[in-house]
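1. can't give you the sequence, but here's the structure:
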């Protein structure tokens, strides 16, 4: 735990907290004093490991199962959180999947699966969090904002990605959903932002870094010269959830080592 935790007395829900970026976010929020609800869909063991890691650093957490693409399960998850903690202060909508295929070969099931989790899942969770935040209002002793919603987007909200049309579409949708929510919710003192990770070393993209050859090719796209780690994103999430970013809403903070700088143009293209 940090000496002066910025998120003390706050409850945070992190969807997809059982692996990858979700684990990094859960640990960073817990280290900053938040009680963390670790959502998972199928990886109960991973979620339990995240909870154990949080408890090891002196934090408080518990795991809750829900498929974020299904409204009844999202509603049940939020009811469970309210019963346990009374309210919620922070949502990090992190759950996401990939089902890659060329556009010509992509099936409707592959399209729908990715959009249902990555986009509809974020809508459902953000809507329920926002309803709680607006109903409760600002608690000045807790935070300057009534609530904080952090959407997990990607550099692919702005960079096209052939072979991943469903994924890139979901992230582009998150960008305008986030901005529209931020515009509507700002008068209620609810802040909404996104994080746009670049290449982060997680199981979902192991093909891109699992061999030396693959990693070297990937690094050509990253001016900063290293692949990102889950805790790089976790630290950004903790800052966006804190009062230090109280005047920040409606923006995507890219944490990508410069990938969105289009490094192919560094030598005049």
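-> Here it is on my side, so go on. Please read all numbers here as calculations on a predicted model, not as lab measurements. Numbering: from 1, shown residues only.

2. each with direction, which strands does the longest strand belonging to the chain pair with?
-> The residue-count maximum for a strand in the chain (DSSP state E) belongs to strand 190-197. Sheet pairing of strand 190-197 (DSSP bridges) gives strand 147-152 (parallel), strand 252-255 (parallel).

3. please point out which parts of the helix or strand residue 182 falls within sit buried.
-> With elements taken from DSSP states H and E, the one containing residue 182 is helix 165-185. Along helix 165-185, these residues count as buried under the neighbour rule (16 or more other C-beta atoms under 10 Å): 165-175, 177-179, 181-182, 185. Bear in mind the C-beta positions are built from the backbone N, C-alpha and C, glycine included.

4. out of the strands paired with strand 190-197, indicate the one that is most buried.
-> Mean neighbour count, computed with mean count of other C-beta atoms under 10 Å, is highest for strand 147-152 among the strands paired with strand 190-197, reaching a mean of 28.

5. what mean pLDDT does that strand have?
-> With pLDDT averaged residue by residue, strand 147-152 scores 98.

6. next, the angle from it to helix 165-185.
-> Here strand 147-152 runs at an angle of 160 degrees relative to helix 165-185 (axes from the mean of the first three to the mean of the last three C-alpha atoms, to 10 degrees).

7. show me how far strand 147-152 is from its chain's centre.
-> Average the C-alpha atoms of strand 147-152, do the same for its chain, and the two points are 8 Å apart (C-alpha atoms, centre = their mean, to the nearest Å).

8. how about stretch 72-84?
-> 19 Å.

9. quick one: average confidence on it?
-> On average, the pLDDT along stretch 72-84 is 98.

10. swap in stretch 17-37?
-> Throughout stretch 17-37, pLDDT has a mean value of 98.

11. how long is that stretch end to end?
-> 8 Å (C-alpha to C-alpha, to the nearest Å).

12. and if you look at stretch 242-252?
-> This stretch, stretch 242-252, spans 16 Å end to end (C-alpha to C-alpha).

13. try stretch 129-149
-> Terminal residues of stretch 129-149 lie 8 Å apart, using C-alpha to C-alpha.

14. list the buried residues of that stretch.
-> Neighbour-count burial for stretch 129-149, with 16+ other C-beta under 10 Å as criterion, is recorded at 129-130, 132-133, 142-143, 145-149.

15. next step: those residues restricted to helices.
-> Judged by DSSP state H, these include 129-130, 132-133 as members of helices.

16. show me which pair in those is furthest apart.
-> Of all pairs drawn from those, the greatest distance, 7.3 Å, lies between 130 and 132 (C-beta to C-beta).

17. what is in contact with these two at once?
-> With contacts defined as C-beta atoms under 8 Å, 6 or more residues apart in numbering, the residues shared by residue 130 and residue 132 are residue 147.

18. can you find the helix or strand of the protein with the lowest average pLDDT?
-> Within the chain, no helix or strand scores below helix 212-219, which has a mean of 93 by mean pLDDT, DSSP states H and E.

19. tell me the buried residues in that helix?
-> Residues of helix 212-219 classed as buried by neighbour count (16+ other C-beta under 10 Å): 218-219.
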